[in-house]
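Q: My questions concern the predicted model and sequence given below.
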Number of protein chains: 2
Amino acid sequence: MANITKKVSWSSRGDESGGGERTPLLNGSEELSGEGGMFHIGRLSTVDLEEDMTSDEVTFSFLSILDYDNSENQLFLEEERRMSFLGFKCLEISRWVICGLIGFLTGLIACCIDIAVENLAGVKYYVVKQNIEKFTEVGGLSISLILWAVLNSAFVMVGAVIVAFFEPGAAGSGIPQIKCYLNGVKIPRVVRLKTLVVKVCGVICSVAGGLAVGKEGPMIHSGAVVAAGVSQGRSTSLKKDFKIFEYFRRDTEKRDFVSAGAAAGVSAAFGAPVGGVLFSLEEGASFWNQMLTWRIFFASMISTFTLNFFLSIYNNKPGDLSSPGLINFGRFESDSVAYNLYEIPLFIVMGAAGGLLGALFNILNYWLTIFRIRYVHRPCLQVMEAMLVAAVTATVSFAMIYFSNDCQPLGPDQSEDYPLQLFCADGEYNSMATAFFNTPERSVRSLFHNPPGSYNPLTLSLFTLTYFFLACWTYGLTVSAGVFIPSLLIGAAWGRLFGILLAAITPNGSVWAVPGKYALMGAAAQLGGIVRMTLSLTVITTVYTVLIIVIHLVVPQGLYDIHIKLQSVPFLHLEAPATSHWLTAREVMGAPVTCFNRIEKVGTIVDVLSNTSTNHNGFPVVVPVAASDDLGKICGLILRSQLIVLLKHKVFVELARSRLTQRKLQLKDFRDAYPRFPPIQSIHVSQDERECMMDLTEFMNPTPYTVPQETSLPRVFKLFRALGLRHLVVVDSENRVVGLVTRKDLARYHLGKHGLEEMQLAQT
Amino acid sequence: MANITKKVSWSSRGDESGGGERTPLLNGSEELSGEGGMFHIGRLSTVDLEEDMTSDEVTFSFLSILDYDNSENQLFLEEERRMSFLGFKCLEISRWVICGLIGFLTGLIACCIDIAVENLAGVKYYVVKQNIEKFTEVGGLSISLILWAVLNSAFVMVGAVIVAFFEPGAAGSGIPQIKCYLNGVKIPRVVRLKTLVVKVCGVICSVAGGLAVGKEGPMIHSGAVVAAGVSQGRSTSLKKDFKIFEYFRRDTEKRDFVSAGAAAGVSAAFGAPVGGVLFSLEEGASFWNQMLTWRIFFASMISTFTLNFFLSIYNNKPGDLSSPGLINFGRFESDSVAYNLYEIPLFIVMGAAGGLLGALFNILNYWLTIFRIRYVHRPCLQVMEAMLVAAVTATVSFAMIYFSNDCQPLGPDQSEDYPLQLFCADGEYNSMATAFFNTPERSVRSLFHNPPGSYNPLTLSLFTLTYFFLACWTYGLTVSAGVFIPSLLIGAAWGRLFGILLAAITPNGSVWAVPGKYALMGAAAQLGGIVRMTLSLTVITTVYTVLIIVIHLVVPQGLYDIHIKLQSVPFLHLEAPATSHWLTAREVMGAPVTCFNRIEKVGTIVDVLSNTSTNHNGFPVVVPVAASDDLGKICGLILRSQLIVLLKHKVFVELARSRLTQRKLQLKDFRDAYPRFPPIQSIHVSQDERECMMDLTEFMNPTPYTVPQETSLPRVFKLFRALGLRHLVVVDSENRVVGLVTRKDLARYHLGKHGLEEMQLAQT
């Protein structure tokens, strides 16, 4: 069995902190369907899960926490102080160059995906259409159905196989993973080159395979991966180091670039640079940095521009930059979307409907995800499920088209790409096929722009109903795919339906109730209801922000948040729970803390790092106060990764304090090891070396942020959130280390029905 | 002489901090033309200024610093802990209600301004037009000129008098003041009711008076004042306390509402809620708070909506909500603004031109402002200058129209409101008059939308040239007025000129070089070049963001920043200067620090607070370590304002520690005094009382943020900026107070030509 089972040791209190003996550590291991599931990996309270586990590989850190607070140790400060004004200017220019590159490459990738999908889907629909036309008259349409289903399944199989067997991290849209990354939690392999390749190929297959998915979410993930790669000036996977941009090899800088990459992805997907910037800020920015915002904006612009430029060449209209992004909904004439005061209550109703439907979608998908975690965790099963969904999608679509008798005249100006005549009269086409026999994006466009009367209400009702369940089933398959377009499509369908009904039942309704306008409204409402993304949507959909606020009030939690929660990620929300003022640092911190002395015995360090039951990541460095006192006075903070580099380079001092063996280490050594620091097990320390000492003074952060024990939780939270901390040292009035607060200590409190609750999963 | 001269004691190091004896204090007093000047009040290095000073009133805090870090003292924590989950929900609902109210009132004010300006200007232009038409044939147009100039001057006189004599704080656009407020520096009287009233009346007068000004900037200020008023549930000016929203009577909460108000103002001005949100974030948010962002967005939407609603009623089209904001540039057909690849270099050129012209505008205005500070600081002089500008504007406009011979046919679809025929043939109108004989907003609209050929190049060149200097002269007058619309108008004029030239000299140019498109581009470029506001503009002007980046690179400093700098405000930029890593907290902090004991003698406190040479605002509270040691161990931080309330309420303990005289104080007492805490001089403390003690334990913030002395400046800066601090205590390894860092300690470092420089003005 190829399952890769991992211990979720991060979910124990002791993982991040140097302390944490207070709570029991995780003993049972936990099934993570990481080998092929999508992102919905979590700790369930059932025991079923634990039964069929094998342990091929045990890694001790499934998730890692990013450190957005620079370790300002002596080496760092020396480098900064040595650097001239010109040096800083150069760095700043490199940042702009990198952002330009990120935008360019992201736009290029978007362009490739777009062209590939269009061609593959084009070939598929052409073949199926020919086949259907051939068999419509002579009978035997079941052959067409089989052809369609097989073609779909074949595409999806390829997409599912590469995801399930090669890179499970590429499953889904990738947006929850990027949200986590920007929040400070790193899902493993999320920004690897391999993930990017599988993601891009996967999304092409799944869209071409006719699944109810979109290609926009994966673009955001792709942009982020590009950014993480380009900004580091090397590829660890390809073992190629270009020896450039070495300064940016740390979490703080890398995060900035990743947020630019995600923005570039949004921008390429939606043709909305401002939307991209807002997305990045909404998800990532702990505080606003104007220059960073500008660079993000720059990357977004370059990305849209690149995409447009290459698409214009592809479309033989070189230089015509009017098509905005991957999604191109066409232009609304401003008159057709003008609204009136009395329509606002209608919009509010639609917002509420979108919110409720979104909540239904999310709860169904939640149950499905739990089912999948339990029973569909082998790669082959996952591939089979994906193929099944593809075949069912084709079958349902076919049946809907077959039984529909909504024939519409084939006008001269109509823009159907693959009009199916089927049993309609000559010069007519099947209207249901416009919705089903098409890529979802084109279907959305038809719903927005086709003239009133292009769809009859029954067609739209049936379409909404079936597509809703198909999309819900599809999200969470082991394929690379997004949920934006399906959401828009569902919403556009019921929105248009609503518009048609309004036009029919209200006096004068046919004048103001333009179906296309209501389709747009419905699409915005449904998208908002499902993903509950907020501010960036207001730019992406440009109109009718009133909807979004209604949705915000109706929907409790968005799809991405549900999936993040299922993964039990220690995600830090924006504020501490309101009623948490009675909690102080003393109550939330981990204690006692494992500390090191400024000059510490190598053996002790190796033992602490090797202790698999704790796996601490940050250690206060202390000066002993008195022999009898076991609490030392804080003088610094050192990270596991730094200690590992020190051990690897054998930066030891012999006991006699002659510095013979001490090698001078540079920041470069740390940067070279970033971000894949070797595990402690791979470092061999001889018995002699164990007796040596290590001088941590130069390498520790000498000015870690500290708080007194009496500090309230909201105050600690604010500090954590605003500075992007990973560890916060709690001291007493004598500056002695009494505890350590980590991200999990804060993330586990949330507001439940009965006031403040401690989340179970963080307790294990 | 009615001058109110103030000591700018904040510019001494010792003002904010409890320490600061290290640097000499300000002894000479400084002329602040606060009684009628606009915002450009500053310390100039010339001695001329100091000569004609009188000192009618000496206040010790000209600027005050806002504290965005809650003082989490026992009273506060007790209240928070007592509050139920429901209580927090109610608070949250109140916040939404307040934001709705802010939006509603801001929209209403915008509506009043719009209607008043339209009617007054309408009457004026009608009268002048009748007069001109009467005298065109019979001769004697000089009478028309005089009529026009007198009407203009009369309006402007009213506007200037109320500003100069009643509320100098209402001068200018108010945007620099709001930027400062959101940054944490409070300019006195900036959010008072009186300021609002004068601002609104003033802007109506100055726009109706034909000055080269706009009404958008003042809207932003108005929104902020509305927010500051509504959120506090009382009006200190009107002495009316509604006993609601008392929870929000502190800097942290108030700032949040003010940012919502500013956003509502932007939104009402430009019809762009997202632009409003971005403006608030760009200027104010030290870190992103999602719920706050939503409330800001809500306020913005309500504001636009209210404005639209009432305007639709005014325009007799009730319910038609299609006009977006105060500025209504009309709709661009999407085809007319579509652009092509080869136009991008042209846009870059225009961006650079806008940037250069903006820089020229700014430098001229800077010199003018310095001149005004020196020689035009009496209210009567200021009123006279404003009237002079009004008369000159009318004269220049008249001359331009008179000598122009650009006659255009009076088409059936043309939208001139006051077409002047003058010496044109029947059925024609004077094209120069379209630009000059109109409110600036309508002129912009004509430049954007009039068909090609409506203006000849000479007209546009002359117009650009004259309007540029008029606008530059006008900004900084003692009237309430903004610079947005003049910037747009200048840019639209030269942009259209550029478009016309392109159409003339390039092959096929008349097809793609639509003059309206280039007018739009020019307007965006010029606005960006002058104010150098950034992200929010991308939404407000919606198009051609490439421009904005070019401008960003070309223009060194925006007009608002120049005026903020002239005022020597301790404005905290977003990041510490790049090369400041070699500075540590020890070097920047003020020391020695005036500290209080936990239980302190009343006499000592009164003496320290009364010490006019220091005027400290925050005091560390310490526990003595040893008798011989003069440094105490930190145990809290108390603010001047808190001490004043304690003294006022006589919260004393007699020496014998019998708590007979100790009154139990509540948070309410602090809130009632907020924000206008009485000066220490107004509090009488008897000789007996001086011998009493005060127990500060309950009232001090027991967990102030502290840093070790070795902390680097960027690290201190980040903490300050991210948490919105006012004081940061610097401690040694024993937790003893060794210094205090305040905003000014950080604001005085900036990057100059020779690396890091210390600003002179912060040293005094």
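A: That came through fine.
Q: contacts, neighbours, all on C-alpha from now
A: Fine.
Q: Extract the residue ranges of chain A that are flagged as low pLDDT.
A: Confidence mapping of chain A against pLDDT under 70 gives the ranges A:1-62, A:284-288, A:319-339, A:411-418, A:533-556, A:574, A:627-629, A:654-663, A:751-764.
Q: A:Ser641: neighbour count?
A: Residues contacting A:Ser641 under the criterion other C-alpha atoms under 10 Å in any protein chain shown number 20.
Q: Which element, helix or strand, includes it?
A: Assigned by DSSP states H and E, A:Ser641 belongs to helix A:640-648.
Q: For that helix, buried residues please.
A: If you call a residue buried by 16 or more other C-alpha atoms under 10 Å in any protein chain shown, then helix A:640-648 has these buried ones: A:Arg640, A:Ser641, A:Gln642, A:Leu643, A:Ile644, A:Val645, A:Leu646, A:Leu647.
Q: Tell me which residues are up against it.
A: The contact list for helix A:640-648 (C-alpha atoms under 8 Å, 6 or more residues apart in numbering or on different chains) reads A:609, A:616-619, A:669-670, A:673, A:677-680, A:683, A:685, A:699.
Q: mind redoing it with 7 Å?
A: A:Asn617, A:Gly618, A:Phe670, A:Phe677, A:Ile680, A:Ile683 (C-alpha atoms under 7 Å, 6 or more residues apart in numbering or on different chains).
Q: Repeat that for stretch A:123-132.
A: In contact with stretch A:123-132 (C-alpha under 7 Å, 6+ apart) are residues A:Leu141, A:Ser144, A:Trp148.
Q: So what does the closest residue to the first one other than its chain neighbours look like in phi/psi?
A: Distances taken as C-alpha to C-alpha, 6 or more residues apart in numbering or on different chains put A:Phe135 closest to A:Leu141, at 5.5 Å, once the chain neighbours are dropped. Dihedral pair for A:Phe135: phi -90, psi -10, per degrees, to the nearest 10.
Q: How many neighbouring residues does A:Phe135 have?
A: In terms of burial, A:Phe135 registers 16 neighbours under the definition other C-alpha under 10 Å.
Q: and the residue in the stretch 51-200 of chain A positioned nearest to chain B, what does it touch?
A: Here the residue of the stretch 51-200 of chain A nearest chain B is A:Arg81; by C-alpha to the nearest C-alpha that distance is 5.6 Å. The neighbourhood of A:Arg81, defined by C-alpha under 7 Å, 6+ apart, consists of B:His581, B:Trp582.
Q: Can you tell me the element it falls in?
A: Short version: A:Arg81 belongs to helix A:74-82, going by DSSP H and E.
Q: now A:Arg586
A: Using DSSP H and E, A:Arg586 maps to helix A:585-588.
Q: hmm, that helix touching chain B?
A: No: with C-alpha under 7 Å from any C-alpha of the partner chain as the criterion, chain B is not reached by helix A:585-588; the gap is at least 10.8 Å.
Q: helix or strand right after that helix?
A: As assigned by DSSP H and E, the chain's next helix or strand after helix A:585-588 is strand A:596-597.
Q: Touching that next one from outside, list them.
A: Around strand A:596-597, the neighbours that count as contacts under C-alpha under 7 Å, 6+ apart are A:Phe619, A:Pro620, A:Val621, A:Val622, A:Val623.
Q: Which residue ranges make up each domain of chain A?
A: Domains of chain A are assigned by automatic domain parsing as A:91-314, A:334-566, A:585-758.
Q: Thought A:Leu422 was touching A:Thr136, still the case?
A: Yes: taking contacts as C-alpha atoms under 7 Å, A:Thr136 lies within contact range of A:Leu422: 6.0 Å.
Q: So between the two, which is more surrounded?
A: A side-by-side neighbour count of A:Thr136 and A:Leu422, using other C-alpha under 10 Å, places A:Leu422 first with 23 against 15.
Q: does that one count as helix, strand or coil?
A: Classification of A:Leu422 into helix, strand or coil gives coil, according to DSSP: H, G, I helix; E, B strand; the rest coil.
Q: Buried residues, stretch A:237-248. List them.
A: Judged by neighbour count (16+ other C-alpha under 10 Å), stretch A:237-248 contains these buried residues: A:Phe245, A:Glu246, A:Phe248.
Q: Over to stretch A:139-151?
A: Within stretch A:139-151, the residues that count as buried by 16+ other C-alpha under 10 Å are A:Leu141, A:Ser144, A:Leu145, A:Ile146, A:Leu147, A:Trp148, A:Ala149, A:Val150, A:Leu151.
Q: before we move on, back to that, let's see if you can find the most crowded of the contacts of strand A:596-597.
A: A:Pro620 (30 neighbours).
Q: check which helix or strand covers that residue.
A: strand A:618-624.
Q: strands paired with that strand, and their directions?
A: strand A:596-597 (parallel), strand A:632-639 (antiparallel) (DSSP bridges).
Q: now the last one: how far from the chain's centre is it?
A: Shown here is strand A:632-639, whose average C-alpha point lies 34 Å from the average C-alpha point of the whole chain (C-alpha atoms, centre = their mean, to the nearest Å).
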